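A.B. asks: predicted structure and sequence below. I'll ask about it afterward.
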Amino acid sequence: MVRLGPNRYGKAEVRLVRVARGARPDGGDVLKDWNVSTSLSGDLAAASLHGDNSHVLPTDSQKNKVYALAKELGEAVEPEAFGLELAAFFLSSQQPITRARVSIEEYGWTPIGATGYSFARSGDLVRTTTVVVDQALGVSVVSGVQDLVLLNTTGSEFWGFPKDPYTTLPEAKDRILATEVSARWRYRPETVDSGHWGSSFAAAKAALLSAFSGTYSYSLQQTLYAMGSRVLADVPEACEVRLALPNKHHYLVDLSPFGLENPGEVYQAGDRPYGLIEGHVLADDAPDAGLAWT
């Protein structure tokens, strides 16, 4: 015997570019470049079990609503506000749907020149948002960043670790510390309607950068905890931070065969394998995660 388990469906990676004409204080344009994915779940078993599509809103319709909503909501809307509006629409318009999940990746563009309409792609990070609206469990918003590459040329050590017969790594009292940050922070449910999205994102990004640069690190685990703690301190709307920090190893190159000394100046940037450090940092009063990370 078999049975149908949890299932959902949606439209993945809807590419959306929204130009807000003249919306900058200097009269220039504002550019939003998004990758939007929708996912719906609810009373959908008949489609899988019997091929009955009467409850299945086409994914093409979901895609079209993304584009229409970009026009309807007006200029320069934040991705969290967009996701909440889009998820709520699917719950209200499709009776069989009891949960809608919307994920958005935002790619940055920096204005250049004096025209007001020229931009250069800014590749320092990707802004992420995941919104879940559930008929029974309520609303959850998780925002974050990915592909944020950070590096300290000094101010990092790693020593005092256990050694076994397979340990070849030397202890380090001064090393390069580099990582590619993936960080997500969960908002308190009572703050979802406060419209703080832009300022909260800016504060969280600044907190990540400040904690990384300001922490003398004895391990990447310590740095992770410092970064998560700083986000919670500087963004009171957030109650939990989840981070994944790959250790981007840099190896000091032996230049002695060439008659050269190398006092911490020339390194080989390693590709793989790499250490991967992951962790959650929570406020003492953080509510139950519920549907936030699903």
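C.D. replies: Perfect, thanks for sending it.
A.B. asks: all helices for this structure, in order.
C.D. replies: Taking DSSP state H as the criterion, the chain carries its helices at 45-50, 59-72, 79-93, 197-214, 220-234.
A.B. asks: now do the buried residues in the first one.
C.D. replies: Meaning helix 45-50. Going by neighbour count (16 or more other CB atoms under 10 Å), the buried part of helix 45-50 is Ala47. Backbone N, C-alpha and C define where each C-beta goes, glycine included.
A.B. asks: let me have the helices of the chain in CSV, extended by distance to Pro189.
C.D. replies: Formatted as CSV, the helices of the chain follow (distance: least, CB to CB, whole Å):
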stretch, distance to Pro189
helix 45-50, 29
helix 59-72, 23
helix 79-93, 12
helix 197-214, 14
helix 220-234, 16
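A.B. asks: now Ala233. Nearest residue, chain neighbours left out?
C.D. replies: Closest residue in space to Ala233, ignoring its immediate chain neighbours: Ala207 at 7.3 Å, by CB to CB, 6 or more residues apart in numbering.
A.B. asks: burial measure for Glu237, as a count.
C.D. replies: For Glu237, the neighbour count with other CB atoms under 10 Å is 21.
A.B. asks: that one and Pro189 touch, don't they?
C.D. replies: No: Glu237 is beyond contact range of Pro189, at 10.4 Å (criterion: CB atoms under 8 Å).
A.B. asks: can you pull the contacts of Gly28?
C.D. replies: Going by CB atoms under 8 Å, 6 or more residues apart in numbering, Gly28 touches 22, 111, 115-117.
A.B. asks: repeat for Gly275
C.D. replies: Contacts here follow CB under 8 Å, 6+ apart; on that basis Gly275 touches 220, 246-247, 249.
A.B. asks: gap between it and Leu169?
C.D. replies: Computed as CB to CB, to the nearest Å, the Gly275 to Leu169 distance reads 10 Å.
A.B. asks: give the residues shared as contacts by these two.
C.D. replies: By CB under 8 Å, 6+ apart, no residue touches both Gly275 and Leu169.
A.B. asks: residue most distant from the centroid, the chain?
C.D. replies: Gly259 (46.3 Å; CA atoms, centre = their mean).
A.B. asks: and the gap between that one and Glu265?
C.D. replies: Gly259 sits 15 Å away from Glu265, going by CB to CB.
A.B. asks: pLDDT below threshold where in the chain?
C.D. replies: Residues of the chain meeting the criterion pLDDT under 70: 292-294.
A.B. asks: how is it divided into domains?
C.D. replies: In the assignment given by automatic domain parsing, the structural domains of the chain cover 8-136, 138-294.
A.B. asks: Gly83 touches Glu106, doesn't it?
C.D. replies: No: judged on CB under 8 Å, Gly83 makes no contact with Glu106 at a distance of 10.9 Å.
A.B. asks: so which of those two has more stuff around it?
C.D. replies: Taking other CB under 10 Å, Gly83 and Glu106 do not tie; Gly83 has more neighbours (27 against 21).
A.B. asks: please name the residues that touch Glu278.
C.D. replies: Residues in contact with Glu278 (CB under 8 Å, 6+ apart) are 224, 242-245.
A.B. asks: and those residues, which two are furthest apart?
C.D. replies: Using CB to CB, the contacts of Glu278 span at most 11.0 Å, a distance reached by Arg242 and Leu245.
A.B. asks: neighbour-wise, which of those two wins?
C.D. replies: Leu245 (24 against 21).
A.B. asks: circling back: and the residue nearest to Ala233, what does it touch?
C.D. replies: Each residue near Ala207 by CB under 8 Å, 6+ apart is listed here: 227, 230-231, 233-235.
A.B. asks: do the same with Ala283
C.D. replies: The contact partners of Ala283, by CB under 8 Å, 6+ apart, come to 232, 238-240.
A.B. asks: ok, and the most crowded of those?
C.D. replies: Using other CB under 10 Å as the neighbour criterion, Ala238 leads these with 28 neighbours.
A.B. asks: got the contact list for the closest residue to that one other than its chain neighbours?
C.D. replies: Distances taken as CB to CB, 6+ apart put Trp185 closest to Ala238, at 4.2 Å, once the chain neighbours are dropped. By CB under 8 Å, 6+ apart, Trp185 lies in contact with 142-144, 204, 231-232, 235, 238, 240-242.
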